[in-house]
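**Student:** Give me a 3D structure for the following:
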Amino acid sequence: MRHSRLARSFATFMVTVGVMLATALPAAAEDAGANGADTAWILTATALVLFMTLPGLSLFYGGLVRANNVLSVLMHCFSIACLASVLWLVVVYSLAFSDGGAWNGLIGGFDRMFLAGVDKDTLSGTIPESLFFMFQMTFAIITPALIVGAYPERIKFAAVILFSGLWLILVYAPAAHWVWGGGWLADMGAMDFAGGVVVHVTAGVSALVLAVMLGGRRGFPNELRPPHSPGMTMIGASMLWVGWFGFNAGSAVAANGDAAMAMTVTHISSAAGAISWAVAEWIRFGKPSLIGIVTGMVAGLATITPASGFVGPAGALFIGLAAGLVCQYVTGLIKQRFKIDDSLDVFAVHGVGGALGTVLTAFFGAEVLGGFGLANATMGAQLGVQVLAIAAVAIWSGVGTWLILTICLKFTGLRVSRDEEIEGLDIVAHGERGYDL
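**Tutor:** Residues are numbered from 1 along each chain as shown. Sure, this is the predicted structure:
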């Protein structure tokens, strides 16, 4: 009996302590300004977005090129990830997200170079600033990596490195600051939840300019070989699909309903984009292809990205269906009518998709169409701001890319020789083969 009473007393004591801790710990966390749930979710989202580039985008692009160039594409994506990470720490994060003082409308300052002033307890909202730094770093990694699709099989590796580094500093950092870092487009109320303008328009326009200046692949447009591994492309695309949940839902920077809805509409749009692209291909060519359906999925993802925090499921369905049809049409237009060898359709899928989603945000973000993003603006007024954001960032990206490529032409050159292109960049640039058959 005595042991029983002692056990009951101990149990009562532990319950009391547990209640006290459960009450005290959230209060302490609230006092500190940190939120454990938000931090845990953004840690996860950061890993998901890096997963989009390594290995998702790498395999997606790798399967689309010839077998003797597959390793060069993987090398481009991997090297850009390493380079962007270092540059983000040194200066790009500071330019994008710190206060630029009198120039803050245009560019940030240098206060956060090398993460100066940031320790493990420094906060950005309800999460550690070091985590916000890491989350945004993954965006800076994938954006120049998207441009890889414009130049495979014919570009010098030194040009890839020089171009990507300068592009992050001169093009990406200002664009990110304008929209996300408190710059002039943010002040005007531009709506870009996860990167339709900052990521996809910048990458798409830059890819188009680069493709024009670099010139087409040998045999373009009549004698190109089909993708060497559609299966590899499908695997990479599937990784992109999963990783994109971190890209869009993570941009809520909180574990809340905004993140949940962003994830929901992202999935709906990607599925709808895949379906509309495949159906259109089936009608036009008599057969739906694996490459087509996965490209439509990516188009749906790119197009919902700017709208993902502002639209409801019905809007996402329309956006995805429109993405598959519009992006497929532009793909043919660029290559067949304008004869521009944007090899893996970066402009048509990402540039056009990002711009289309940014425009449609002004409509489907309205409450009357199931959205929740136009609290203080009419559709017409918001549309004007959205179009201005697209135009400004597109012009900045195009001019900046031309300038950077002019520098590359002087210091590294852009294109390998004809014989090197025939042999393949795997051996020429890296001394390796993707397959030992």
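
**Student:** in what helix or strand does the residue nearest to residue 345 when sequence neighbours are not counted lie?
**Tutor:** Nearest non-adjacent residue to residue 345, counting by Cβ to Cβ, 6 or more residues apart in numbering: residue 331, 5.0 Å away. Every residue, glycine included, has its C-beta placed from N, CA and C. Residue 331 belongs to helix 313-332 when assigned by DSSP states H and E.

**Student:** Tell me where the stretch 1-150 of the chain has helices.
**Tutor:** With helices called from DSSP state H, counting those that start in this stretch, the stretch 1-150 of the chain shows them at 2-32, 36-51, 58-62, 70-87, 93-97, 129-146.

**Student:** er, the stretch 251-400 of the chain actually
**Tutor:** Using DSSP H, counting those that start in this stretch, helices in the stretch 251-400 of the chain cover 257-285, 290-304, 313-332, 346, 352-364, 379-411.

**Student:** Would you pull up how far the fourth one lies from the middle of the chain?
**Tutor:** In other words, helix 346. 12 Å (Cα atoms, centre = their mean, to the nearest Å).

**Student:** outside of it, which residues touch it?
**Tutor:** 146, 147, 149, 150, 203, 204, 207, 208 (Cβ atoms under 8 Å, 6 or more residues apart in numbering).

**Student:** quick check: mean pLDDT across that helix?
**Tutor:** Throughout helix 346, pLDDT has a mean value of 98.

**Student:** next one: the third one
**Tutor:** This predicted structure assigns helix 313-332 an average pLDDT of 98.

**Student:** Next secondary structure element downstream of it?
**Tutor:** Defined by DSSP H and E, the subsequent element after helix 313-332 is helix 346.

**Student:** hey, which helix or strand in the chain has the poorest pLDDT?
**Tutor:** Ranking every helix and strand in the chain by mean pLDDT, DSSP states H and E puts helix 2-32 at the bottom, with a mean of 41.

**Student:** quick one on the thing from earlier: pull out the buried members of the contacts of helix 346.
**Tutor:** Among the contacts of helix 346, the ones that count as buried by 16 or more other Cβ atoms under 10 Å are 146, 147, 149, 150, 203, 204, 207, 208.

**Student:** The residue nearest to residue 345 contacts residue 351, correct?
**Tutor:** No. If you go by Cβ atoms under 8 Å, residue 331 and residue 351 don't touch, sitting 11.2 Å apart.

**Student:** And those two? Which one has more around it.
**Tutor:** residue 351 (29 against 20; other Cβ atoms under 10 Å).

**Student:** show me the contacts for that one.
**Tutor:** 200, 201, 203, 204, 205, 207, 208, 394.

**Student:** if we can go back for a sec, nearest to residue 231, of the contacts of helix 346?
**Tutor:** Proximity of the contacts of helix 346 to residue 231, judged by Cβ to Cβ, is greatest for residue 149, which lies at 18.3 Å.

**Student:** Look up how far residue 53 lies from the closest one.
**Tutor:** Separation of residue 149 from residue 53 (Cβ to Cβ, to the nearest Å): 12 Å.

**Student:** May I see the buried residues of the helix or strand where residue 163 lies?
**Tutor:** Secondary structure from DSSP H and E places residue 163 in helix 157-167. Residues of helix 157-167 classed as buried: 157, 159, 160, 161, 162, 163, 164, 165, 166, 167 (neighbour count, 16+ other Cβ under 10 Å).

**Student:** where's the third one relative to residue 58, distance?
**Tutor:** With distances defined as Cβ to Cβ, the gap from residue 160 to residue 58 amounts to 14 Å.

**Student:** Could you do the fourth one as well?
**Tutor:** Between residue 161 and residue 58 the distance, using Cβ to Cβ, works out to 16 Å.

**Student:** do the same with the last one
**Tutor:** Here the distance between residue 167 and residue 58 works out to 19 Å (Cβ to Cβ).

**Student:** Run through the strands of the stretch 101-250 of the chain in chain order.
**Tutor:** Assigned by DSSP state E, counting those that start in this stretch, the stretch 101-250 of the chain shows strands spanning 123-124, 127-128.

**Student:** got the ones you listed as CSV, with mean pLDDT, distance to residue 318 and mean neighbour count columns?
**Tutor:** As requested, the strands of the stretch 101-250 of the chain are arranged in CSV below (pLDDT from 0 to 100; distance: least, Cβ to Cβ, whole Å; neighbours: other Cβ atoms under 10 Å):
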stretch, mean pLDDT, distance to residue 318, mean neighbour count
strand 123-124, 96, 34, 17
strand 127-128, 98, 33, 21
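
**Student:** of all those, which lies closest to residue 37?
**Tutor:** Going by Cβ to Cβ, the one of the strands of the stretch 101-250 of the chain nearest residue 37 is strand 127-128, 10.0 Å.

**Student:** who does that closest one touch, helix- and strand-wise?
**Tutor:** With contacts defined as 3 or more Cβ pairs under 8 Å, 6 or more residues apart in numbering; DSSP states H and E, strand 127-128 has these neighbours: helix 36-51.

**Student:** contacts for stretch 319-337?
**Tutor:** 208, 221, 268-278, 280-281, 292, 295-296, 299-300, 302-304, 307, 311, 340-342, 345, 347-349, 352-353, 356-357, 360, 364.

**Student:** about what we covered before: residue 415: which of the strands of the stretch 101-250 of the chain is closest?
**Tutor:** Nearest of these (Cβ to Cβ): strand 123-124, 42.3 Å.

**Student:** chain center to that closest one: distance?
**Tutor:** Distance, centroid of strand 123-124 to centroid of chain: 23 Å (Cα atoms, centre = their mean).

**Student:** helices and strands around that strand, which ones?
**Tutor:** Partner elements for strand 123-124 (3+ Cβ pairs under 8 Å, 6+ apart): helix 129-146.

**Student:** And for residue 246, the neighbour number?
**Tutor:** 24.

**Student:** my bad, residue 257
**Tutor:** Neighbour tally, residue 257, other Cβ under 10 Å: 10.

**Student:** now the one 3 residues further on
**Tutor:** Residues near residue 260, counting by other Cβ under 10 Å, number 12.

**Student:** Then residue 245?
**Tutor:** By other Cβ under 10 Å, neighbour count at residue 245 equals 22.

**Student:** need the contact list for it.
**Tutor:** By Cβ under 8 Å, 6+ apart, the neighbours of residue 245 are 45, 48, 263, 266, 267.

**Student:** Can you give me the distance of the residue nearest to the last one when sequence neighbours are not counted to residue 44?
**Tutor:** Nearest residue to residue 267, sequence neighbours excluded (Cβ to Cβ, 6+ apart): residue 245, at 7.6 Å. The gap separating residue 245 from residue 44 is 9 Å, by Cβ to Cβ.

**Student:** picking up where we left off before, and which of the buried ones among the contacts of helix 346 is nearest to residue 226?
**Tutor:** Out of the buried ones among the contacts of helix 346, the member with the shortest distance to residue 226 (by Cβ to Cβ) is residue 149, at 15.9 Å.
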